[in-house]
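Asker: give the three-dimensional model of this entry:
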Amino acid sequence: MLYGNLPTAHAEGGDIQGVTVKVQNPPKSAVLRLPTNQEMLDRLDQQKSIRRTLGRRKSKTEFVPNLKADLDLFTQIRVDKGGAEFDEFEASNAISKLTYCEVTDCQRAGDEYRITLKTPFGETVHSLRIPTQRDITIYRRTVVSAIDLPHGQEELRFRIEPAVELYGAVASKIEGYAESFKPADVPPHHKSAVVVELVQAIDDLDPGLDPNS
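Answerer: Numbering: from 1, shown residues only. Here you go, the predicted structure:
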């Protein structure tokens with residue numbers, strides 16, 4: 001199934017378009033549509049990590065789940081409004097499954113990269129031109145914001161907008177999405193995953209300076 005094409009689910013009152021998610025204990029289910037790009041951006045903007053200094057130039061970074069943000073999104077995209085209530089843990093698990101994406105392949109093709117992204121709806125493929133050094137530098141400088149906290153800690157927030165902007169500047173073709181989708185319509189979490197892979201692939205082709213070579 002192409003990403004963006006929703007199956008028909010059965011619910012009280014008749015059939016509706018959406019993805020059915022289930023909880024085993026206590027048994028219940030819900031039907032969800034895909035989040036809009038703005039709904040996804042609002043959720044991503046509320047995610048954060050905490051980096052703790054361990055000493056000897058070592059640190060540890062831990063992602064801090066925002067269960068309220070996941071429950072808010074779950075409530076927004078639920079289409080069987082009269083169904084059994086989900087708590088924040090159940091909602092967060094459902095959102096994680098629905099929005100899952102993972103890069104599985106990255107290949108250079110001339111002056112572009114083809115990056116394959118695995119989603120619950122199947123694979124999508126993104127063709128992207130090689131960004132300029134200016135674009136990469138701006139992305140790196142703006143993608144993470146840090147706030148100092150007491151006891152040698154920092155709050156890190158991954159800013160999704162720089163990844164979305166870089167994707168928009170270099171994306172040339174998408175595959176695996178519904179016919180109505182254009183590169184601008186690709187979900188922001190897909191854009192972010194693809195851009196992270198693209199920047200890393202370019203880094204791998206640019207080894208450090210060796211004055212003796």
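Asker: wait, A193 touches T104, no?
Answerer: No - between A193 and T104 there is no contact, the gap being 10.5 Å when judged by C-beta atoms under 8 Å. The way it works is simple: take the backbone N, C-alpha and C, and place the C-beta from them, glycine included.
Asker: for I115, list the residues it contacts.
Answerer: Contacts for I115 (C-beta atoms under 8 Å, 6 or more residues apart in numbering) come out as 103, 105-106, 125-126, 128, 194, 197-198.
Asker: so which of the residues you listed sit within helices?
Answerer: Judged by DSSP state H, helices contain the following of these: 194, 197-198.
Asker: using JSON lines, lay out those residues together with pLDDT and neighbour count.
Answerer: JSON lines is the format used below for the ones in helices among the contacts of I115 (pLDDT from 0 to 100; neighbours: other C-beta atoms under 10 Å):
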{"residue": "V194", "pLDDT": "96", "neighbour count": "28"}
{"residue": "E197", "pLDDT": "94", "neighbour count": "20"}
{"residue": "L198", "pLDDT": "95", "neighbour count": "26"}
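Asker: which parts of this protein are strands?
Answerer: 8-11, 14-17, 19-23, 28-32, 48-55, 58-64, 102-109, 112-119, 122-129, 144-149, 153-158, 171-175 (DSSP state E).
Asker: count of neighbours near I202?
Answerer: Applying other C-beta atoms under 10 Å, we find 15 residues neighbouring I202.
Asker: and it, how far from E112?
Answerer: The spacing between I202 and E112, counted by C-beta to C-beta, to the nearest Å, is 12 Å.
Asker: what do you get for Q76?
Answerer: 36 Å.
Asker: who has more neighbours out of the two?
Answerer: E112 (17 against 14).
Asker: which residues touch that one?
Answerer: Counting by C-beta under 8 Å, 6+ apart, E112 touches 127-130, 172.
Asker: can we see that at 10 Å?
Answerer: Contacts for E112 (C-beta atoms under 10 Å, 6 or more residues apart in numbering) come out as 126-130, 170-173.
Asker: and D185, by the same measure?
Answerer: Taking C-beta under 10 Å, 6+ apart, we find D185 in contact with 4, 36-37, 174, 177-178.
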